[in-house]
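Asks: no FASTA, just this:
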């Protein structure tokens, strides 16, 4: 989670977006039966800043998940 937030902030800063804060909240669901594997994991990004462009934030989050996050890439293979 922390790595994804760092990626998002870095991508936005490289795009000259004025990021003030980035918070990530996680929600998840697990199977009822053992082993209680996760069936859904959602990361909710709360990015604040000055004159942030929604499209730039969405792109940064997508790039983080699809290109840079090793955990997301590993889970995607399954």
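Replies: Arrived safely. Bear in mind the structure is a predicted one, so any value in this text is a computation, not a measurement.
Asks: Low-confidence stretches in the chain?
Replies: Applying pLDDT under 70 to the chain flags residues 1, 77-78.
Asks: what's the single longest helix in it?
Replies: helix 2-14 (DSSP state H).
Asks: Touching that helix from outside, list them.
Replies: Applying C-beta atoms under 8 Å, 6 or more residues apart in numbering, the external contacts of helix 2-14 come out as 19, 22-24, 43, 45, 47, 49, 52, 56-57, 59-61, 63-65, 68-70, 72. Bear in mind the C-beta positions are built from the backbone N, C-alpha and C, glycine included.
Asks: Distance from the chain centre to it, please.
Replies: Averaging C-alpha positions (C-alpha atoms, centre = their mean, to the nearest Å) puts helix 2-14 9 Å from its chain's average.
Asks: what's downstream of that helix, the next helix or strand?
Replies: strand 18-30 (DSSP states H and E).
Asks: May I have the strands that pair with that next one, each with its orientation?
Replies: strand 38-50 (antiparallel) (DSSP bridges).
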